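>>> Provided below for reference: sequence and predicted model.
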Amino acid sequence: MPWIKEQLIAKGIKTETPLMPKPWSPNYEEFKKEFEKYPIDENTILVGHSCGCAFLVRWLGETKQKIDKLILVAPWKINDKDNDEARGKFYTYEIDQTIKDRVDNIIMFTANDEKDNGKKV
């Protein structure tokens, strides 16, 4: 994210990069508390990376917030064999299908050589 931030700032685009607490053991409520310190409106472009993608999709579904664009980079998918309870709570939720009605553009970047399924959105 630092490289992307530098590129956007160089083009005069206001950029915020929240430092999410303990991303190796994500907690939705802790992420939400940090994230909601920043103003979000219908002109906002949100970029999520790894577990940040799951957070943004969940947050947008929960808050019904309208934004301009959602960019998901290398979304992390919980492994069916992962028994980590904290990660299970973070990644297991119903995706709000109406997000696409409130987000003008949704873009996802993934690898084309993943070994398991999980690319279906």
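Thanks, I have the structure now.

>>> for this protein, what spans make up the helices?
Using DSSP state H, the helices found in the chain span residues 2-10, 28-35, 51-63, 85-91, 99-102.

>>> Mind giving me the packing neighbours of the first one?
By that I understand helix 2-10. With contacts taken as 3 or more C-beta pairs under 8 Å, 6 or more residues apart in numbering; DSSP states H and E, helix 2-10 sits against no other helix or strand. Backbone N, C-alpha and C define where each C-beta goes, glycine included.

>>> Now do it, average pLDDT.
For helix 2-10, mean pLDDT is 89.

>>> pLDDT-wise, which helix or strand of this protein ranks last?
Lowest by mean pLDDT, DSSP states H and E among the helices and strands of the chain is helix 85-91, with a mean of 81.

>>> how far is it from where the chain is centred?
15 Å (C-alpha atoms, centre = their mean, to the nearest Å).

>>> Could you give me the buried positions within it?
Across helix 85-91, burial judged by 16 or more other C-beta atoms under 10 Å covers 87, 90, 91.

>>> so which of the helices of the chain is the most packed in?
helix 51-63 (a mean of 20; mean count of other C-beta atoms under 10 Å).

>>> what's the angle from that helix to helix 28-35?
90 degrees (axes from the mean of the first three to the mean of the last three C-alpha atoms, to 10 degrees).

>>> can I assume residue 52 is in contact with residue 19?
No. Contact status for residue 52 versus residue 19: not in contact, 11.3 Å apart, counting by C-beta atoms under 8 Å.

>>> what residues are up against the residue nearest the centre of the chain?
In the chain, the centroid-proximal residue (C-alpha atoms, centre = their mean) is residue 53; its distance is 2.3 Å. Contacts for residue 53 (C-beta atoms under 8 Å, 6 or more residues apart in numbering) come out as 72, 73, 74, 75, 76.
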